[in-house]
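[1] what would the 3D arrangement of this be:
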Amino acid sequence: MPQEMIKEFIGKNCTIVLFNESFGVQGKIVAVEDNWIKVEEKKKTRLINGDMIRDISIVTEK
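    Just a heads-up that it's a prediction; the model follows:
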């Protein structure tokens, strides 16, 4: 997945669906470096390999 496109999502609450998961990760993208994405969830912070991402969508608040 291209870094330039992912960087547009920094600071936004997103759902990230991985190839090996059916539900995905929901949290705020806080950093993108090389092929890694740092995501802050409610109770933890994850580093996700960009090669494992199938889809990223912005969570809209109603």
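
[2] quick check: Lys42 touching Gly27?
    Yes: using CB atoms under 8 Å, Lys42 is in contact with Gly27, at 7.4 Å. Using the backbone N, CA and C atoms, a C-beta is placed for each residue, glycine as well.

[3] of these two, who's got more company?
    Comparing Lys42 with Gly27 by other CB atoms under 10 Å, the one with more neighbours is Gly27, at 20 against 6.

[4] adjacent strands (with direction) for the strand or helix carrying that one?
    Using DSSP states H and E, the element containing Gly27 is strand 25-33. Strand 25-33 has the following sheet partners, assigned by DSSP bridges: strand 13-18 (antiparallel), strand 36-40 (antiparallel).

[5] shaky segments in this protein?
    Along the chain, segments meeting pLDDT under 70 span 1, 62.

[6] okay, which residue is most central for the chain?
    With distances taken as CA atoms, centre = their mean, Ile16 lies nearest the centre of the chain, 4.6 Å away.
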